[in-house]
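**Student:** Provided below for reference: sequence and predicted model.
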Amino acid sequence: MKFLSAIGFLTIIPIPSRAVSNEGGQVLYFPLAGFVIGCLLYGLDQLLSLAPYPEVRVVGDVLFLAVISGALHLDGLADTADGVFSHRPREQILQIMKDSRIGVMGVLTLLFCILLKLAGVAGVIHSESLIWLILAPALGRTAQVMGLVFVNHVPSERTLAEQFYQRGRYSLLAFCPLPFAVIFYVDWILAIASLILFIFLLVSLLLFFKNKIGGITGDTLGAATEIMETAFLLIGGMGASIF
């Protein structure tokens, strides 16, 4: 049931009402939910490969990543960009992030994120390293779990699913190594390189957020998810083929 609850929170996939949980343990299954998203993306990509134009395939893949999450993480990315790039004090940054309106920095960040995803997916398809279509969403959701477990939550009146903040519950990290295990199974050098890059990016982001606002919010976790997902699509697009 907790797995279904994780699916229900992270995607627009309908789940039975009895599977909805508010106790926070479903965070454990976020990486698996990322794999589900990735597998659905892979399946869609195979269908779109039949399209007469490759551009349709690329745009369709990126559109799916936005739609499957209800654009939740893209919204967080835009709000985070508006806040942290405003060069305001911490309290004002948080107020800006709560504002439902989007500013120039949010628009620009969304634009560049989508363009980079398009480039990454195009590269993945060209290099035929399609496994990264599965791994990138999984790594993005793995980043969420690590943020929820390791970093302080900054309270906000606009907090979504506050029960998911589980700092110190290290047992919830159990599935976080799974994406790297998949890579390690075939190419241990690439797995180590991916792990190093993942840790570097995630630590840099979390320290940046901690310096700016004192911890994490739902918006910053959404931003971290989008950044991590985009980064590993670009890695795959560079020809880091493991299958």
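**Tutor:** Good, I have the coordinates.

**Student:** assign a three-state SS to the residue at the greatest distance from the centre of the chain, would you?
**Tutor:** Computed with CA atoms, centre = their mean, the residue of the chain farthest from its C-alpha average is Pro52, at 30.0 Å. Here Pro52 is coil, with the state taken from DSSP: H, G, I helix; E, B strand; the rest coil.

**Student:** just want the phi and psi numbers for it.
**Tutor:** With angles defined as degrees, to the nearest 10, Pro52 sits at phi -70, psi -20.

**Student:** check Ile216 too.
**Tutor:** According to degrees, to the nearest 10, Ile216 has phi -120, psi 160.

**Student:** is it true that it touches Val149?
**Tutor:** No - here Ile216 does not reach Val149: they are 10.7 Å apart, not a contact under CB atoms under 8 Å. All C-beta atoms are positioned from the backbone trio N, CA, C, and that covers glycine.

**Student:** give me the most central residue, the protein.
**Tutor:** Centre-nearest of the chain using CA atoms, centre = their mean is Thr225, 2.4 Å out.

**Student:** thinking again about what came up before, model confidence for the residue farthest from the centre of the chain, exactly?
**Tutor:** For Pro52, the pLDDT comes out at 89.

**Student:** quick one: low-confidence parts of the protein?
**Tutor:** Scanning the chain for pLDDT under 70 picks out 19, 22, 156-162, 239-243.

**Student:** check which helices and strands the longest helix anywhere in it sits against.
**Tutor:** Scanning the chain for the helix with the most residues, using DSSP state H, yields helix 188-213. Secondary-structure packing of helix 188-213 (3 or more CB pairs under 8 Å, 6 or more residues apart in numbering; DSSP states H and E): helix 72-84, helix 90-98, helix 131-150, helix 178-186, helix 218-237.

**Student:** can you list these in a markdown table and add distance to Ser5?
**Tutor:** Output for the helices and strands packed on helix 188-213, formatted as a markdown table (distance: least, CB to CB, whole Å):
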| stretch | distance to Ser5 |
| --- | --- |
| helix 72-84 | 15 |
| helix 90-98 | 26 |
| helix 131-150 | 14 |
| helix 178-186 | 19 |
| helix 218-237 | 17 |
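
**Student:** just give the number of residues close to the closest residue to Gly140 other than its chain neighbours.
**Tutor:** In space, Gly140 comes closest to Glu229 once its chain neighbours are excluded; the distance is 3.7 Å by CB to CB, 6 or more residues apart in numbering. Here the number of neighbours of Glu229 (other CB atoms under 10 Å) works out to 27.

**Student:** same question for Ser129.
**Tutor:** 20.

**Student:** quick check, it in contact with Gly236.
**Tutor:** Yes - Ser129 is within contact range of Gly236, at 4.9 Å (criterion: CB under 8 Å).

**Student:** can you point out the buried residues in stretch 118-126?
**Tutor:** 118-125 (16 or more other CB atoms under 10 Å).

**Student:** which of those residues sits closest to Gln166?
**Tutor:** Each of those was checked against Gln166 using CB to CB; the closest is Gly120, at 30.3 Å.

**Student:** which SS class is the closest one?
**Tutor:** helix.

**Student:** enumerate every residue touching the residue farthest from the centre of the chain.
**Tutor:** If a contact means CB atoms under 8 Å, 6 or more residues apart in numbering, then Pro52 has no contacts.
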